[in-house]
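A.B. asks: For reference, the sequence and a predicted model appear below.
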Amino acid sequence: MIRADRRHLVCTLADLATAQGIRPHTYINARYHLALGFPAPISSAGSRTRLYDAEQVDAYFAGKPIPPLPTQDDGQDLLDRRECATALGISPRTWDKYKTTYPALTEHLATVGGVEHWPRSILHQYQAQRPVKATTTGRPAHTGDQVPRDQMLPRTAPLLDADPAISAAAVVEALGVHRDTAQDALTCLRAERMAELLNSDASLTPEQAAVTLGYPAGQVRRATLRARAILRARGMAPYLADVGRAVHRAGWTARAAVPEIHHPAVDVVVAVLTLDGPQPPAPALVWDERHGWRTATSRRHPLTRGAAPPPPGDGIRYLTDSTTPPPGALIAALSS
């Protein structure tokens, strides 16, 4: 984080390279910033852009003792997305949704060194004003879940933060939901956090990521499969975006939307693209990493129940033999 009143001291690796008359690419490849004794970055672990405190860096190059940074939290401290997510007990991806939904978070966004930050005081204000339902003790008999579906992950995340080894039964007791609902929430949260860690440290295996995060081996088999699926989905993101743009150019969508990722099973990646333009060839397109692209018969419910793909016929058409055909080939198959 950027401590209060130290924003003007923030510098990037590119800034350090320029100050020494070295090209940033050369500086990074030479790994000068990884030399013994070099100040630690002030950005959160796993951040793509490393930020440093200039006062500490100047002291290092001058051969002087590196001055410590303030340790006491202040309302004017600036936190990046990972730190904001940790402070609120949610995943970074959930924070990405919150930051564009709530005006106070949008208004107080501060970009420093090319990285988005928010004041600690605004997080406290947001957390205090955001309505939270009272905690229940178990789910009453013959009733539905006591927590709305879209609130399950935000409500479960603090419980997982407090106890990485928490069981589904403990979540049931705390939130008053069905055990399957609690287990699904824990699997999603653990998988997202494992995937974030794996994304920042490619040397780790999913099992090692689970150990690092304090998740018991007996509780993360499904989360491990889901984490691998999340990483595969991220790898497919550029291709799916290209398809979204191609379909838009063909006039079948109102905007160049990116297909929405789904996981109908923990180890399966599926993407859905709704065709809302004039005279589309189908209501929606579905991409399945196992079978490629197919048409769907409904915009509201393009996915069939469960992970099994539907058979062709009655508006269902599998479009190419390849699971990742070039966008042009997919457009041609849809047009035929």
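C.D. replies: Received the coordinates, thanks.
A.B. asks: Show me the residue at the heart of this structure, geometrically.
C.D. replies: residue 93 (3.1 Å; Cα atoms, centre = their mean).
A.B. asks: Hmm, residue 189 and it touching each other?
C.D. replies: No - Residue 93 lies out of contact with residue 189 (Cβ atoms under 8 Å); the separation is 10.3 Å. In this view, the C-beta of every residue, glycine as well, is placed from N, C-alpha and C.
A.B. asks: give me phi/psi at residue 117?
C.D. replies: In terms of degrees, to the nearest 10, the main-chain angles of residue 117 are phi -140, psi 160.
A.B. asks: And for residue 260, the neighbour number?
C.D. replies: As a burial measure, the neighbour count of residue 260 was computed by other Cβ atoms under 10 Å and equals 13.
A.B. asks: where's the nearest residue to it once chain neighbours are set aside, which helix or strand?
C.D. replies: Nearest in space to residue 260, with sequence neighbours left out and distances taken as Cβ to Cβ, 6 or more residues apart in numbering, is residue 272 at 5.1 Å. Using DSSP states H and E, residue 272 sits in strand 270-274.
A.B. asks: hmm, who's touching the next helix or strand after that strand?
C.D. replies: Moving toward the C-terminus from strand 270-274, the next helix or strand (DSSP H and E) is strand 284-288. Contact with strand 284-288 is made by 240, 243, 247, 259, 268-275, 293-296, 298-299, 302-303, 309, 323, 334, as judged by Cβ atoms under 8 Å, 6 or more residues apart in numbering.
A.B. asks: filter these to the buried ones?
C.D. replies: 240, 243, 247, 259, 268-275, 293-296, 302-303, 309, 334 (16 or more other Cβ atoms under 10 Å).
A.B. asks: which helices and strands sit right next to the longest helix anywhere in the chain?
C.D. replies: In terms of residue count, the longest helix belonging to the chain (DSSP state H) is helix 221-249. For helix 221-249, the helices and strands in contact under the criterion 3 or more Cβ pairs under 8 Å, 6 or more residues apart in numbering; DSSP states H and E are helix 179-200, helix 206-212, strand 270-274, strand 284-288, helix 327-335.
A.B. asks: now for the third one, which elements pack on it?
C.D. replies: This points to strand 270-274. Strand 270-274 makes packing contacts with helix 221-249, strand 260-262, strand 284-288 when contacts are defined by 3+ Cβ pairs under 8 Å, 6+ apart.
A.B. asks: could you dump the ones you listed to CSV with mean pLDDT?
C.D. replies: As requested, the helices and strands packed on strand 270-274 are exported to CSV (pLDDT from 0 to 100):
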stretch, mean pLDDT
helix 221-249, 93
strand 260-262, 92
strand 284-288, 95
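A.B. asks: could you dump the ones you listed to TSV with distance to residue 52?
C.D. replies: Written out in TSV, the entries for the helices and strands packed on strand 270-274 read as follows (distance: least, Cβ to Cβ, whole Å):
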stretch	distance to residue 52
helix 221-249	27
strand 260-262	34
strand 284-288	41
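A.B. asks: quick one: which of those is nearest residue 185?
C.D. replies: Nearest to residue 185 among these is helix 221-249; the distance by Cβ to Cβ comes to 11.1 Å.
A.B. asks: Now the closest one: buried residues?
C.D. replies: The neighbour-count criterion (16+ other Cβ under 10 Å) identifies 222-231, 233, 236, 239-240, 243-244, 246-248 as the buried residues of helix 221-249.
A.B. asks: And it, how far out from the chain middle?
C.D. replies: 12 Å (Cα atoms, centre = their mean, to the nearest Å).
A.B. asks: and among the helices and strands packed on helix 221-249, the most buried is which?
C.D. replies: With neighbours taken as mean count of other Cβ atoms under 10 Å, those reach their highest mean count in strand 284-288, at a mean of 23.
A.B. asks: Please name the strands paired to that strand in the sheet, noting orientation.
C.D. replies: The sheet places strand 284-288 alongside strand 270-274 (antiparallel), strand 292-296 (antiparallel), with pairing taken from DSSP bridges.
A.B. asks: What count of nearby residues applies to residue 114?
C.D. replies: Residues lying near residue 114 (other Cβ under 10 Å) number 10.
A.B. asks: all numbers from here: first residue = 29
C.D. replies: In the new count, where the first residue is 29, that last one comes out as residue 142.
A.B. asks: Verify the stated contact: it with residue 40.
C.D. replies: Yes - in terms of Cβ under 8 Å, residue 142 counts as a neighbour of residue 40; the distance is 7.0 Å.
A.B. asks: Now do the shared contacts for the two.
C.D. replies: Where contact means Cβ under 8 Å, 6+ apart, the residues bridging residue 142 and residue 40 through contact with each are residue 77.
A.B. asks: list the contacts for residue 237?
C.D. replies: The neighbours of residue 237, taking Cβ under 8 Å, 6+ apart as the test, are 222, 225, 226, 229, 255.
A.B. asks: repeat for residue 359
C.D. replies: Residue 359 makes contact with 274, 275, 278 under the criterion Cβ under 8 Å, 6+ apart.
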